[in-house]
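Fold the following, please.
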Amino acid sequence: MIPDPTAAVVAYLLGRTDVANLVGVRVYGVEIPGEEIVNMPQKLVAIKPTGGGVHRGYAHYSVGRFDVLSYGETPFEAQRVELVVRDTLKNMPRATANHTVLEWASVEGGPLALRDPDAHWPFVLTVYNVMSSDVEVP
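Numbering: from 1, shown residues only. Alright, predicted model coming up:
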């Protein structure tokens, strides 16, 4: 299995109680699935890879950039989701999720409170760098 940092971040967040208490199982990679769109706005997290993949020397690790979109029913609720996700990722210990080692996550930009330009759903955008393995782990 090829390491997938996006799926690993999704799996890591899904396994954290604080995140699950707010969003349940609504943490998705790349985009919000169609079956969830009909229920929006609601508390939900979308992890979107936005580039990176910078390799660090000969080590089998790279640093990828991710936009993390934290949605809520109101701007205040979206901010609550963002705060919990940020705390969870900032304090992430070295972890293995979805056959990928996650070394660390750092906030690189945001939080920025926004609204979806078409549907007007409130969300908060935070940009992270995440160091992850380039080789599969069991």
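
This structure: strands as residue ranges?
27-29, 44-55, 61-71, 95-97, 100-115, 122-133 (DSSP state E).

residue contacts, residue 44?
Shown in contact with residue 44 (C-beta atoms under 8 Å, 6 or more residues apart in numbering): 23, 26-28, 32, 36, 70-71, 81. C-beta: built from backbone N, CA, C; applies to glycine.

Scan these and report the most crowded one.
The most crowded member of those, judged by other C-beta atoms under 10 Å, is residue 70 (29 neighbours).

pretty sure residue 86 is touching residue 127, no?
No. Judged on C-beta atoms under 8 Å, residue 86 makes no contact with residue 127 at a distance of 11.0 Å.

Residue 85 contacts residue 126, doesn't it?
Yes. Counting by C-beta under 8 Å, residue 126 is a contact partner of residue 85 at 7.4 Å.

In terms of neighbours, single out the busier of those two.
Between residue 85 and residue 126, counting by other C-beta under 10 Å, residue 85 is the more crowded of the two (26 against 20).
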